[in-house]
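S.K.: Dropping the sequence and predicted coords here.
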Amino acid sequence: MPTATTPSTPPAVALQARQLGWQVQGTPIVQNVSLQVRSGEMLGLIGPNGSGKSSLLRLLSGMLRPQTGDVLLGDQALHRLPRRSIARQLALVAQSAHTQDAITVWDAVELGRTPWLSALQPLAPRDRDIVHQALQAVGLQDKAHRTWHTLSGGERQRAHIARALAQQPEVLLLDEPTNHLDVHQQLSLMQLVQHLPITKVIALHDLNQALACDRLAVMHQGRLVHLGTPDEVLTPELLQTVFQVQAHSLTDPLDGSRVLRLRPLTTTLP
Ligand SMILES: Nc1ncnc2c1ncn2[C@@H]1O[C@H](COP(=O)(O)OP(=O)(O)OP(=O)(O)O)[C@@H](O)[C@H]1O
């Protein structure tokens, strides 16, 4: 019978930020952020433009090194882990990941297997199956042999996600993954991510999409200002002070779920 101390039992906290701080030339970008991401949850990261969401995700992924505080992946300090070990456990789908134009979609997604292969080791049939499944999950199986530069913005976005899935991470960080996607693709992607049996942290701008998360973390001016369930967090008061919008909750007559109706407090850009 497994116990709480059995090594194969996943830790209750998959990823943890402890008093993270990051600044550029004396300007604080992320300030004193502490949070715990529970194993298996989908944690939404929301906040206005420039509030520090992408920076926090990059700190959590190890791409950026904090000047203060640290990140724990499971119970291990991220900065002490070799890159390869991090890449076997955690994948980041960044907002503007670069991919060479001449590469095919298949090759781009195949790169997700790199952390699992030793030098010069060719892909085993199992690796090829995983790449195939990742392409299928994002609906790109028919475009596997297309070159990168021929893809639309939305197709590139889905290919980046497929590459992260091919990594088979335990923790998946996604930075505004629904950008560039049409409404059908946005909903499909949110469902796909929601049902992945791993830990997810997802930066989102669409607050109605954020309602599907288990918990939400709200960034404002580089600080984490709220953490809780969508109902606890998305109050009219918070939406007014952080997002500068007036919010009304409606109920979807089809399934009784909550829908947010938002109006700007002011109509002028800051
Ligand atoms: N490398 C950098 N050098 C200087 N400033 C930076 C750097 N990276 C981020 N910033 C600044 O830090 C702030 C937070 O940026 P970040 O991209 O983390 O915000 P965000 O919440 O993801 O924004 P958005 O919703 O617009 O994508 C912004 O003001 C940005 O200009």
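M.R.: On my side now, so go ahead.
S.K.: Let me know whether Lys200 touches Ser39 as I believe.
M.R.: No. Using C-beta atoms under 8 Å, Lys200 is not in contact with Ser39, being 10.8 Å away. From N, CA and C alone the C-beta is placed, and that goes for glycine too.
S.K.: In terms of neighbours, single out the busier of those two.
M.R.: A direct count of neighbours by other C-beta atoms under 10 Å for Lys200 and Ser39 places Lys200 higher, at 21 against 16.
S.K.: what about the closest residue to that one other than its chain neighbours, distance to Ala102?
M.R.: Take Lys200 and drop its neighbours on the chain: the residue closest to it by C-beta to C-beta, 6 or more residues apart in numbering is Met42, 4.4 Å away. The gap separating Met42 from Ala102 is 35 Å, by C-beta to C-beta, to the nearest Å.
S.K.: How many residues are close by the residue nearest to Lys200?
M.R.: Neighbours of Met42 under the rule other C-beta under 10 Å: 23.
S.K.: repeat for Gln246
M.R.: The burial count for Gln246: 13, using other C-beta under 10 Å.
S.K.: what's across from it in the sheet?
M.R.: Arg263 (DSSP bridges).
S.K.: show me the residues around it that make contact.
M.R.: Taking C-beta atoms under 8 Å, 6 or more residues apart in numbering, we find Gln246 in contact with Pro236, Leu239, Gln240, Leu262, Arg263, Pro264, Leu265.
S.K.: For the last one, the count of nearby residues, please.
M.R.: A total of 10 residues lie near Leu265 under the criterion other C-beta under 10 Å.
S.K.: now do Leu59
M.R.: Leu59 is flanked by 24 other residues according to other C-beta under 10 Å.
S.K.: likewise the one 5 residues further on?
M.R.: Taking other C-beta under 10 Å as the neighbour definition, Leu64 ends up with a count of 18.
S.K.: To which secondary structure element is the residue lying closest to Leu56 once chain neighbours are set aside assigned?
M.R.: Distances taken as C-beta to C-beta, 6+ apart place Val30 nearest to Leu56, at 5.5 Å, with adjacent residues excluded. Counting by DSSP states H and E, the element that carries Val30 is strand 27-38.
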